[in-house]
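Visitor: Could you work out the structure for the sequence below:
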Amino acid sequence: MSDNAATIERLYRALQERDHETMASCYHPDVHFSDPVFTDLHGIEVAAMWHMLCERGTDLEVEFRDVEADGDHGSAHWDARYSFGPDGRPIYNSIDATFEFEDGKIIRHVDDFNLWRWTQQALGFSGLLLGWTGFSKTRVQATARRSLAKFMELHPEYDAEE
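Guide: Predicted structure coming up:
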């Protein structure tokens, strides 16, 4: 197994244990992360996002497979099951991930999943009716961004000024 493949496996094993600190250690300080919800995170924001998701995901279950890496690129597939929102709606999310590496760390991480399917599960009937719209997508992204900003305010270790 290549060192980069081992880094991907370490990332997902840490996610399975909700160990955000080990996850953060897999990333380059200048990392860029994007997915359909968190579209443009950089550096410390990536560590904060995983910290937030690990802390809130008390029933999070993760399975991963198809880890591949060659040279500076890698990929994996992972599935997440968890409860979402005040109603504890069950979520099953199937995610394809791609990675780029620099200095033995992940410098770029892109997760791809069906946002409409996610909104149907997370929001119920309104997600079914409106989850495919640009308005709904923008609203979900803005809510996630605000949630991350509030989380970072409450955790001084993510103060970008330090």
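Visitor: Give me the longest helix you can find in this structure.
Guide: In the chain, assigned by DSSP state H, the helix with the most residues is helix 134-154.
Visitor: Give me the buried positions along that helix.
Guide: Within helix 134-154, the residues that count as buried by 16 or more other Cβ atoms under 10 Å are 136-137, 140-141, 144-145, 148, 151-152. (Glycine included, C-beta is placed from N, CA and C.)
Visitor: tally of neighbours for the residue lying closest to Ile107 once chain neighbours are set aside?
Guide: Counting by Cβ to Cβ, 6 or more residues apart in numbering, the nearest residue to Ile107 once its immediate chain neighbours are dropped is His28, at 4.3 Å. Other residues lying near His28 total 18 when counted by other Cβ atoms under 10 Å.
Visitor: gap between the longest helix of the chain and the chain center?
Guide: Helix 134-154 has its C-alpha centroid displaced from the chain centroid by 13 Å (Cα atoms, centre = their mean, to the nearest Å).
Visitor: With stretch 115-123 instead?
Guide: 16 Å.
Visitor: Output it as PDB, nothing but the C-alphas.
Guide: Extracted in PDB, the C-alpha atoms of stretch 115-123 (Å, rounded to 0.1, in the frame of the first residue of the first chain):
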ATOM      1  CA  LEU A 115     -27.400  16.700  -2.600                       C
ATOM      2  CA  TRP A 116     -31.000  16.300  -3.600                       C
ATOM      3  CA  ARG A 117     -31.100  12.800  -2.200                       C
ATOM      4  CA  TRP A 118     -29.500  14.200   1.000                       C
ATOM      5  CA  THR A 119     -32.100  17.000   1.300                       C
ATOM      6  CA  GLN A 120     -34.900  14.500   0.900                       C
ATOM      7  CA  GLN A 121     -33.700  12.600   3.900                       C
ATOM      8  CA  ALA A 122     -32.700  15.600   5.900                       C
ATOM      9  CA  LEU A 123     -35.700  17.800   5.200                       C
END
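Visitor: which residues sit in contact with Met152?
Guide: Taking Cβ atoms under 8 Å, 6 or more residues apart in numbering, we find Met152 in contact with 45, 48, 158-159.
Visitor: wait, Gly124
Guide: Arg89.
Visitor: Now do the same contact list for the residue most central in space within the chain.
Guide: Centroid-nearest residue in the chain: Trp50, 6.3 Å away (criterion: Cα atoms, centre = their mean). For Trp50, the contacting residues are 15, 20, 23-24, by Cβ under 8 Å, 6+ apart.
Visitor: Okay then, goodbye and thanks.
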